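Trainee: Make a model of this:
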Amino acid sequence: MNTRVPRPPRHLTADTRAWWASVAGTFTLDKHHLAVLTVACEALDRGNEARERVAQDGAIYLTRFGEPRAHPSVAIERDARIGFLRALRELDLDIEPPKAPTRTPARY
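Mentor: As a prediction, the model looks like this:
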């Protein structure tokens with residue numbers, strides 16, 4: 001059995017490569033799981049890039065007619081976040097499911 005941890009893809013940012021390596025070193029992942037992990041990391045990087053652009057330019061801009069519009073990077077950030085979370089859900093890395101509540105939540 002090969003227990004060597006593969007190297008993270010070079011196109012990821014340094015922080016994301018470190019996270020990729022941490023996950024790959026902690027969990028036993030097949031090749032298809034590593035591909036999903038890579039997709040999650042790419043989405044994380046894309047979302048961070050879009051978030052930085054929104055922080056720089058602002059979330060809203062005015063068209064030539066003076067109408068406010070959402071910055072295109074807002075949608076990129078949102079879509080990347082959704083893709084990241086879906087990929088994480090697909091990996092199913094949680095060891096134990098959350099414990100069931102011990103009592104019924106109160107109704108207000």
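Trainee: ok, now which ones touch the residue nearest the centre of the chain?
Mentor: Residue closest to the mean C-alpha point of the chain, counted by Cα atoms, centre = their mean, is Phe84 at 3.0 Å. Contacts for Phe84 (Cβ atoms under 8 Å, 6 or more residues apart in numbering) come out as 40, 43-44, 47. For glycine as for every other residue, the C-beta is placed from the backbone atoms N, C-alpha and C.
Trainee: Strands - which of the residues you listed land there?
Mentor: Among the contacts of Phe84, DSSP state E puts none in strands.
Trainee: So which of those residues sit within helices?
Mentor: 40, 43-44, 47 (DSSP state H).
Trainee: now those residues as CSV including distance to Asp92, neighbour count and pLDDT?
Mentor: Below are the ones in helices among the contacts of Phe84 laid out as CSV (distance: Cβ to Cβ, whole Å; neighbours: other Cβ atoms under 10 Å; pLDDT from 0 to 100):
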residue, distance to Asp92, neighbour count, pLDDT
Ala40, 12, 23, 96
Ala43, 17, 21, 97
Leu44, 18, 22, 96
Gly47, 21, 20, 96
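Trainee: what's the neighbour count on Ala18?
Mentor: Counted with other Cβ atoms under 10 Å, residues neighbouring Ala18 total 12.
Trainee: residues contacting the nearest residue to it once chain neighbours are set aside?
Mentor: The shortest distance from Ala18 to any non-neighbouring residue, by Cβ to Cβ, 6 or more residues apart in numbering, is to Pro8 (7.9 Å). Counting by Cβ under 8 Å, 6+ apart, Pro8 makes contact with 16-18, 20-21, 24, 41.
Trainee: Next one: the residue in the chain sticking out farthest from the centre from Thr13, what distance?
Mentor: Most distant from the centre of the chain: Phe65, at 35.7 Å, with distances by Cα atoms, centre = their mean. According to Cβ to Cβ, to the nearest Å, Phe65 stands 38 Å off from Thr13.
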